[in-house]
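Asker: after the sequence you'll find the predicted model.
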Amino acid sequence: MRYAFIQELTKLAAKNKNIILLTADLGFTVFEEFAKKFPKQFFNVGIAEPNMIGIASGLALSGKIVFAYSIASFASFRTYEHIRNDVCLHKAPVIIVGSGAGLSYADNGPTHLATQDLALMRGLPNMTVLAPADPVEAQWATREAARLKSPVYLRLGKKGEPVIYDKTPKLKIGQGNWIKRGSNFVILACGNIVFNALKSAENLEKKGLSGAVISLHTVKPIDKKLIVQLAKNYSHIVTVEEHSVVGGLGSAVSEIIAQIPAKKPEFLISGIKDDFPKKLGSQEYLRKIYGLTPEKLSLRIAKFLKKS
Amino acid sequence: MKNLTFFQKKAKELRKEILTMAFKSQRHHISSSLSIIDVLVVLYWGVLKISPQDHWNLKRDRFILSKGHAASALYAVLADRGFFPKKYLESYGKEGTILGIHPDYGYLAGIELSTGSLGHGLSAGCGMALAAKLDSLNSRVFVLLSDGECDIGTVWEAVLFANQQKLDNLVAVVDYNKFQAFGKVKDVIDLEPFVKKWKAFGWEVREVNGHNFKQLLQATKSVPLKKGKPTVIIAHTVAGKGVSFLENKLEWHYLNLTKEQYKRAISELDNL
């Protein structure tokens, strides 16, 4: 997804010299070409993420559209007050790009996991939160983020994420995108785990359980209209995210469902439990532990459908 | 060129305005505002290229009050300079006001950044100064910091960045009144040797008496002090300057004026 992002940004930067890319010293093998091509649009601020956000805000208040990049854990946690005050309070066109969403940096240990970033970013007024599912959505999200002229958190995976779409879908900020149709249940997923959600639905299909899958790439503003509609049409709703079960996509969806006056659907939030991992390993290893592989998701959803 | 008497007179008027705002609203941070008012008067009437009629002009100079808790001084200055009607000042600190204890961007002309949380102004100032460079504009960015604010790491992150990018259109002014929220600066987190620190980080430093208009004008009018280098003006100031019983007392960061004290303060200034 990082490459999809930089490819798209390169196109945008060539057309608009007011597009600036800041990095807090990360992006090795990703940004070299951009830096060379656009020396007046690329600045490495050093390992100083809060300062990067402040600089981004100052640039944005002077007419620039600023992408501020780091890995998602540093880009969101260390910088939070600066994003809140310097960016959101000023409605400044700053796009905070967090790569390595969720468990992408699993082998680097808990400090590098971005598993609470959606919760933080979703809590900020004026913020749009985008969590693209694959490189296709990532390119689209990059383009849209530059057009919005307001604060954006762009949550990217790392590299090598499978492509979900074989042809470019029609995507719109704030509107969930149907990836698969189905009648027994619906999965709402976001970000780099959408692929696994889709695979789990395909597994269940073989067992006669027909599930729809929707990419809720825009975590904020959440697609309220769609969720209300789904709550009417489906008896079972599942959310899937590579993020803590506290405050992320599952919370965003449940906030809508909880306020629906009519009969409510059964609801399951799958994500990372509210804890730090005790054992470390690859992203795949931790996904297994947290029940986010296609197999584990299928089992859990089948159980959920049977029980309720 | 305005003469020194003009600046003295203006500063005296605005000190009275600050005291009136503080008394009428029963709001504090009086000593911080009195500490910086001379610096502000010099910048707003002697240095900054700004126009209340054209306050969004991209070519303008910027002033960021990074020590947002001294907003009453900035409001008094901006109103007097014509950025908004003086009668707005009456609402300072009151219910429903847009003149908060700390300044908020987007509601009043002339406020370049919402501040109040310390350690934000210099980073944003770096961004504005960099944008001016990229757009080949001559605008300069002045950022007023408090001494206590220099405890914060982001200030020094910005200091490093400004040097790296050779932002000679960026000017930091430190209001060095030697007090911070819970004690004297030297007893809390000593900044000394302060001048050496800035020099070591690659900045051009000028030390001035922050209440001496001649020195302030000389320093602020000659920036950049050196081409390719950011400038810091370390303004030695007195917290609560201008009113004898407010000067150099930590508690006037927090206390509100009684009617007697207010009258006494005004009459002291009148008899200067």
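Answerer: Looks like it arrived, so ask away. Numbers count the residues shown, from 1 in each chain, chains lettered A, B, ... in the order given.

Asker: how about the residues of the stretch 101-250 of chain B that lie near chain A?
Answerer: B:104-106, B:112-114, B:117, B:120, B:122-132, B:134-135, B:141, B:153-154, B:157-158, B:160-161, B:164-165 (Cβ under 8 Å from any Cβ of the partner chain). Where you see a C-beta, it was placed from the backbone N, CA and C, and this is true even at glycine.

Asker: count of neighbours near the nearest residue to B:Thr237 once chain neighbours are set aside?
Answerer: Closest residue to B:Thr237 apart from its sequence neighbours, by Cβ to Cβ, 6 or more residues apart in numbering or on different chains: B:Gly210 at 3.7 Å. Neighbourhood size, B:Gly210 [other Cβ atoms under 10 Å in any protein chain shown]: 26.

Asker: next, give phi and psi for B:Gly210.
Answerer: Backbone torsions for B:Gly210, taken as degrees, to the nearest 10, come to phi -70, psi 0.

Asker: if we can go back for a sec, which of the residues of the stretch 101-250 of chain B next to chain A fall within helices?
Answerer: Within those, residues falling in helices by DSSP state H are B:122-132, B:134, B:153-154, B:157-158, B:160-161, B:164.

Asker: which among the residues you listed end up buried?
Answerer: Buried members of those, counted by 16 or more other Cβ atoms under 10 Å in any protein chain shown: B:122-132, B:134, B:154, B:157-158, B:160-161.

Asker: what sits against A:Tyr105?
Answerer: Neighbouring residues of A:Tyr105 by Cβ atoms under 8 Å, 6 or more residues apart in numbering or on different chains: A:Ile71, A:Ser73, A:His112, A:Leu113, A:Ala114, A:Lys158, A:Gln283.

Asker: what are the buried residues along stretch B:87-95?
Answerer: Residues of stretch B:87-95 classed as buried: B:Tyr88, B:Leu89, B:Ser91, B:Tyr92, B:Gly93 (neighbour count, 16+ other Cβ under 10 Å).

Asker: now do it: distance to the chain's middle.
Answerer: Taking Cα atoms, centre = their mean, to the nearest Å, one finds the center of stretch B:87-95 at 20 Å from the center of the full chain.

Asker: can you check stretch B:243-251 too?
Answerer: On Cα atoms, centre = their mean, the centre of stretch B:243-251 falls 19 Å from that of its chain.

Asker: avg pLDDT for it?
Answerer: Mean pLDDT, computed over stretch B:243-251, is 95.

Asker: how about the closest residue to chain B within the stretch 151-300 of chain A, what does it touch?
Answerer: Across the stretch 151-300 of chain A, the shortest distance to chain B (Cβ to the nearest Cβ) belongs to A:Pro151, at 13.7 Å. Contacts for A:Pro151 (Cβ under 8 Å, 6+ apart) come out as A:83, A:87-88, A:91-96, A:124, A:126-128.

Asker: try it again with 6 Å
Answerer: Residues in contact with A:Pro151 (Cβ atoms under 6 Å, 6 or more residues apart in numbering or on different chains) are A:Val87, A:Cys88, A:Val94, A:Asn126, A:Met127.

Asker: state the distance from it to A:His82.
Answerer: Distance, A:Pro151 to A:His82, by Cβ to Cβ, to the nearest Å: 12 Å.

Asker: dihedrals phi and psi, B:Asn177?
Answerer: The phi/psi pair for B:Asn177 (degrees, to the nearest 10) is phi -100, psi 0.

Asker: got it, and the one 5 residues further on?
Answerer: Phi and psi for B:Phe182, reported as degrees, to the nearest 10, are phi -120, psi 20.

Asker: contact partners for it?
Answerer: B:Phe182 neighbours (Cβ under 6 Å, 6+ apart): none.

Asker: measure it to chain A for me?
Answerer: Note on B:Phe182: its distance to chain A, by Cβ to the nearest Cβ, to the nearest Å, is 21 Å.

Asker: distance check, the residue lying closest to B:Phe23 once chain neighbours are set aside against B:Phe245.
Answerer: Once flanking residues are discounted, B:Phe23 sits nearest to B:Tyr262: 4.1 Å by Cβ to Cβ, 6+ apart. Note on B:Tyr262: its distance to B:Phe245, by Cβ to Cβ, is 11 Å.

Asker: tell me which element residue 269 is part of?
Answerer: Using chain A here. Taking DSSP states H and E as the criterion, A:Ile269 maps to strand A:266-272.

Asker: right idea, wrong chain: chain B
Answerer: B:Leu269 is part of helix B:259-270 when elements are defined by DSSP H and E.

Asker: ok, now A:Ile179?
Answerer: strand A:177-180.

Asker: contacts for the very next helix or strand once past that strand next, please.
Answerer: Following strand A:177-180 in sequence order, the next helix or strand is strand A:185-189 (DSSP H and E). Contact with strand A:185-189 is made by A:197, A:201, A:211-214, A:216, A:230, A:234, A:236-240, A:253, as judged by Cβ under 6 Å, 6+ apart.

Asker: packing partners of the helix holding B:Leu269?
Answerer: Secondary-structure packing of helix B:259-270 (3 or more Cβ pairs under 6 Å, 6 or more residues apart in numbering or on different chains; DSSP states H and E): helix B:4-25.

Asker: what packs against the helix it packs on?
Answerer: Where contact means 3+ Cβ pairs under 6 Å, 6+ apart, helix B:4-25 is packed against helix B:30-42, helix B:71-80, helix B:259-270.

Asker: can you redo those helices as JSON lines with mean neighbour count?
Answerer: JSON lines is the format used below for the helices and strands packed on helix B:4-25 (neighbours: other Cβ atoms under 10 Å in any protein chain shown):
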{"stretch": "helix B:30-42", "mean neighbour count": "28"}
{"stretch": "helix B:71-80", "mean neighbour count": "26"}
{"stretch": "helix B:259-270", "mean neighbour count": "14"}
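
Asker: just send those back as a markdown table, with mean pLDDT too.
Answerer: Converted to a markdown table, the helices and strands packed on helix B:4-25 look like this (pLDDT from 0 to 100):
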| stretch | mean pLDDT |
| --- | --- |
| helix B:30-42 | 97 |
| helix B:71-80 | 98 |
| helix B:259-270 | 97 |
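
Asker: quick one: these as JSON lines, columns for distance to A:Ile6 too.
Answerer: Converted to JSON lines, the helices and strands packed on helix B:4-25 look like this (distance: least, Cβ to Cβ, whole Å):
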{"stretch": "helix B:30-42", "distance to A:Ile6": "44"}
{"stretch": "helix B:71-80", "distance to A:Ile6": "41"}
{"stretch": "helix B:259-270", "distance to A:Ile6": "60"}
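
Asker: who wins for proximity to B:Phe23 among those?
Answerer: Smallest distance to B:Phe23 across those (Cβ to Cβ): 4.1 Å, for helix B:259-270.

Asker: chain center to that closest one: distance?
Answerer: A distance of 24 Å separates the centroid of the chain from that of helix B:259-270, by Cα atoms, centre = their mean.

Asker: so what's the most centrally placed residue in chain A up against?
Answerer: Closest residue to the average C-alpha location of chain A: A:Ala131 at 2.1 Å, with Cα atoms, centre = their mean. With contact set as Cβ under 6 Å, 6+ apart, A:Ala131 has these partners: A:Arg155, A:Cys190, A:Gly191, A:His217, A:Val219.

Asker: and A:Leu120, by the same measure?
Answerer: A:Ser76, A:Tyr80.

Asker: wait, isn't the residue nearest to B:Phe23 in contact with B:Met21?
Answerer: No - under the criterion of Cβ atoms under 6 Å, B:Tyr262 makes no contact with B:Met21, lying 10.8 Å away.

Asker: tell me how many other residues surround the closest residue to A:Thr168 other than its chain neighbours.
Answerer: Leaving out its chain neighbours, the residue that sits closest to A:Thr168 by Cβ to Cβ, 6+ apart is A:Val136, at 6.2 Å. By other Cβ under 10 Å, the residues close to A:Val136 number 19.

Asker: so A:Val136 is in contact with A:Pro162, correct?
Answerer: No - counting by Cβ under 6 Å, A:Pro162 is not a contact partner of A:Val136; they are 10.7 Å apart.

Asker: residues from the stretch 51-200 of chain A in reach of chain B?
Answerer: With the criterion set to Cβ under 6 Å from any Cβ of the partner chain, the stretch 51-200 of chain A comes near chain B through A:Asn51, A:Gly54, A:Ile55, A:Ser57, A:Gly58, A:Leu59, A:Ser62, A:Lys64, A:Asn85, A:Asp86, A:Leu89, A:His90.
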